[in-house]
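# Fold the following and give me the result.
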Amino acid sequence: MKLSRYLADKWPTLAVATVTCAFLALLLHVFGLGITLIAYIEIILVSALIVSFLLDYLRRRRFYTQLQDSLKALDKKHLIAEMIGRPDFHEGELTYDALMAAGKSMNDSIAEYRAASEDYREYIETWVHQIKTPMAAIELILENNPGATDDAVISELSRIESHVEQALYYSRSTAVERDYIVRSVNLDDVVKAAVRRRSRLLIDNHVTPVFEDLDFKVATDAKWLDFIIGQILGNAVKYRRQSVPDEVNAQVMFSATCIDKGLATQRVILEIADNGIGIPSHDLGRVFNRGFTGDNGRTYAKSTGIGLFLCKRLCEKMGLEIWLDSAVGEGTTIKIVFPVNELFLS
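As a prediction, this is how the structure comes out:
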């Protein structure tokens, strides 16, 4: 709060005080007081006014400076009233009470939204678990009553299960902390288990997994990493090259490297590379955006634009990094970076 701005706001009071002092000096002169005495009286009055204005300015400045500084430092602006003290002047009290009322209203709205969001998330999780029961029953019926269309039906059931699983993880992605347990896991075990779970998808679409050196320990949640790998595999299958020469097979290659070994920046990088159709360069900057499908999603396959968005969100929640590089006609490579934490790996 600048002094010039404060004085500008106080100009009516200053104008009245100036006129009053001038009128008083004239009145005292009329009554025969000497010029020296009138000057002393005016100096005392002006000094009193200056001290009064200065004290008022200082306490207002203290409050509004604290208000501005706290507002700049806060991420959640609606909590501002809780970060400042109650002022000792009436206008400040009114401002403080207004901020407290606004903050309380915002907190109540946030609480209502969170409760509604939590109810919706619980409903989605319940629905996902319920829908899995009839799906499992259908698959069991098909196995006990073999027919000509079994493979096609089971394949479609697998696709439904994939979409159901995606819905479940999407609903949980806003609260990963509740269902996230960091453990030391072997990357080779997690990757191969994730591939085995999607073996029918890979076999039906003639996609061959290739494994290189994956024998590294990383600190992560195996279940969430399994889901991320599953989403990447689904994209690799969806965007494989449909008419490749006989000597070129659709492949997904898994490999890992450890860099900066022994340093504080040591990390393990998991690479998942396919030899599919690739992604146009103008789409690369937006592939992790929610709902973005790009040219490939509109041309080659029906896409929701949720898979990579979920991968990015879950990696961020777990403290991992995820990168993507691609070239049209050559394929796509996704890298997941695991910071090495000796506390979990020991």
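
# any idea how far Thr220 lies from Ala193?
For Thr220, the distance to Ala193 (C-beta to C-beta, to the nearest Å) stands at 13 Å. To be clear about C-beta, it is placed using only N, CA and C from the backbone, and glycine gets the same treatment.

# of these two, who's got more company?
Using other C-beta atoms under 10 Å as the criterion, Thr220 and Ala193 rank with Thr220 on top: 26 against 13.

# ok, now which ones touch the more buried one?
By C-beta atoms under 8 Å, 6 or more residues apart in numbering, the residues touching Thr220 are Val182, Arg183, Val185, Met318, Leu320, Phe338.

# of those residues, buried ones?
Among these, those classed as buried by 16 or more other C-beta atoms under 10 Å are Val185, Met318, Leu320, Phe338.

# Point me to the helix or strand that includes Pro87.
With secondary structure defined by DSSP states H and E, Pro87 is part of neither a helix nor a strand.

# now the one helix or strand Ile160 maps to: mean pLDDT?
Ile160 belongs to helix 150-172 when assigned by DSSP H and E. Helix 150-172 carries an average pLDDT of 71.

# As a check, name the ranges of all strands in the stretch 51-200 of the chain.
183-186 (DSSP state E, counting those that start in this stretch).

# and the helix of greatest length in the chain, what does it pack onto?
Using DSSP state H, we find that the single longest helix of the chain is helix 90-144. Under the contact definition 3 or more C-beta pairs under 8 Å, 6 or more residues apart in numbering; DSSP states H and E, helix 90-144 sits against helix 35-73, helix 150-172.

# could you redo the last one with a cut-off of 6 Å?
When contacts are defined as 3 or more C-beta pairs under 6 Å, 6 or more residues apart in numbering; DSSP states H and E, helix 90-144 packs onto helix 150-172.

# Leu49 - nearest residue in space that isn't next to it in sequence?
Using C-beta to C-beta, 6 or more residues apart in numbering and skipping the chain neighbours, the partner closest in space to Leu49 is Ala17 (5.5 Å).

# how many neighbours does that neighbour have?
Under the neighbour criterion other C-beta under 10 Å, Ala17 is assigned a count of 16.

# Thank you kindly, that will do.
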